[in-house]
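Novice: quick one, fold the following:
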Amino acid sequence: MSGAHPGKGWHEECGVFAAVGVPQAAAITALGLHALQHRGQEATGVVASDGAMFHVTKGIGLVADVYRDAQLENVPGQLAIGHNRYSTAGGLTLENTQPLRVVYRGGSLALAHNGNLTNARELRAGLEESGSIFQTTLDT
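Specialist: Just a heads-up that it's a prediction; the model follows:
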């Protein structure tokens, strides 16, 4: 049992789901996240792409609450990635809710990460010293 921790009970770390090449990818991803709700109950997000731009829907809380009125079936795009948060690094804020969507010199990127970067502090310090700017307190 990968999620069992002796003396601590059942424990999960995040849920990640994606839909690729299907109509209404954002809505399908939200359904996948609903099935993975047990993996993270703090926050949830979906980023969909229609090839021209990203469409971001995220919030703090359970999947059913965050997406209740979001009308994800109307979000354009045949590509989407989603994430349910169980925090192991960074505070519980909307900025720390994944997937992260960034624009950098190479273009745009959406990313969902499950796991821990064990050397995140050292990597971040080095990147900040060379001029990188961070918008979250995540290790991602």
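
Novice: make sure residue 27 is indeed in a helix.
Specialist: Yes: assigned with DSSP: H, G, I helix; E, B strand; the rest coil, residue 27 falls within a helix.

Novice: what's the neighbour count on residue 40?
Specialist: The number of residues packed near residue 40 is 23, by other C-beta atoms under 10 Å. C-betas here are computed from N, CA, C, even on glycine.

Novice: hang on, isn't it packed against residue 86?
Specialist: Yes: judged on C-beta atoms under 8 Å, residue 40 makes contact with residue 86 at a distance of 3.8 Å.

Novice: on the pLDDT front, check residue 19 for me.
Specialist: Per-residue confidence (pLDDT) for residue 19: 97.

Novice: residues touching it, list them.
Specialist: By C-beta atoms under 8 Å, 6 or more residues apart in numbering, the contact set of residue 19 is 25-26, 28-29, 32, 78-80.

Novice: now do residue 58
Specialist: Contacts of residue 58 were listed using C-beta under 8 Å, 6+ apart, and they are 43-46, 66, 94, 97-99.

Novice: where along the chain do the helices fall?
Specialist: In the chain, the helices defined using DSSP state H lie at 25-35, 63-66, 120-129.
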